[in-house]
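Participant: Quick one, what's the 3D model for this:
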Amino acid sequence: MRKLQMKMSMSLDGFVSGLNGEMDWIFKTGDAESKAWALSQFSEAGMIIMGRKSFDGMVPYWLTSTDAFAEHMNSIPKAVFTQKGYKGYDPGPNPSPAAASWADARILSGDLAEEIAKLKAEEGKPVSAIGGAEFMRNLIATGLVDEFYLAIHPIILGAGIPIFNGSTIPKYLKLLEAKVFPNGTVAHIYSSVIQ
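Facilitator: Next up, the predicted model:
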């Protein structure tokens, strides 16, 4: 059985983006050390999962990116969650290995909790959840996230889109690691604790 790890950047006041999806603050407050740490954590993933909107937005970006994360994004197996009959990415004839990786993404359209439970039951390295707020809120609601990787950036947005809203029951977590980076971002890794 493998772990499900949720990975998100957040503002100090708990938002994952501005009200209109703005995320430039993540790059303004990051630094080389925090990026290297995030890259080392990300490289441990055996699968990357995300919702359809994030998937559609990421394909064209990562296929042309020279960012250090591109190698992992374009090679780690992926799964995309959708409820609307999504057909996936069509790379056209003779795709590059990177494009083929996105085209080979598993499309999962069943009940989210059931699909996640099946992925976790497989053998392999951890499943890494990335992407948008709606997908993350739904994922948190399943109660199946084993570890939360949260990068808290030194910015107060004042308003934005949260992921930890709407929960009806308290969720107790155990801090596994905290790391402070030069520009003030603090990474927290929490394990889910059942109470």
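Participant: roughly how far apart are the residue nearest the centre of the chain and Met58?
Facilitator: The chain has Ile130 as the residue nearest its centroid, 1.3 Å off, counting by CA atoms, centre = their mean. Remark: distance between Ile130 and Met58 (CB to CB, to the nearest Å) = 8 Å. Glycine gets a C-beta too; all of them are placed from N, C-alpha and C.
Participant: can you list residues touching both of these two?
Facilitator: Applying CB atoms under 8 Å, 6 or more residues apart in numbering, one finds that Ile130 and Met58 are jointly contacted by Met50.
Participant: which one is Ile163 nearest to, not counting chain neighbours?
Facilitator: Met136 (4.4 Å; CB to CB, 6 or more residues apart in numbering).
Participant: where exactly do the helices run in the protein?
Facilitator: Taking DSSP state H as the criterion, the chain carries its helices at 24-29, 32-42, 52-64, 70-73, 97-103, 112-121, 133-142.
Participant: for the third one, which positions count as buried?
Facilitator: Within helix 52-64, the residues that count as buried by 16 or more other CB atoms under 10 Å are 52, 54-55, 58-59, 62-63.
Participant: now the fourth one
Facilitator: Of the residues in helix 70-73, those scored as buried under the neighbour-count criterion (16+ other CB under 10 Å) are 72-73.
Participant: Could you list the low-confidence segments of the protein?
Facilitator: Low-confidence segments of the chain, defined by pLDDT under 70: 194-195.
Participant: ok, 80 please
Facilitator: Residue ranges of the chain with pLDDT under 80: 84, 166-169, 193-195.
Participant: coming back round to it: pretty sure the residue nearest to the centre of the chain sits against Phe55.
Facilitator: No. Ile130 lies out of contact with Phe55 (CB atoms under 8 Å); the separation is 10.0 Å.
Participant: Now for the closest residue to Phe181 other than its chain neighbours: which residues touch it?
Facilitator: Once flanking residues are discounted, Phe181 sits nearest to Ser34: 3.9 Å by CB to CB, 6+ apart. Ser34 is in contact with 151, 181-183, 185, 187, counting by CB under 8 Å, 6+ apart.
Participant: Distance check, Ser34 against Pro77.
Facilitator: Using CB to CB, one gets 26 Å for the distance from Ser34 to Pro77.
Participant: quick revisit: export the contacts of Ser34 to CSV and tack on neighbour count and distance to Ala117?
Facilitator: Listed next are those as CSV, based on neighbours: other CB atoms under 10 Å; distance: CB to CB, whole Å:
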residue, neighbour count, distance to Ala117
Ala151, 21, 27
Phe181, 21, 34
Pro182, 10, 40
Asn183, 14, 38
Thr185, 23, 33
Ala187, 18, 28
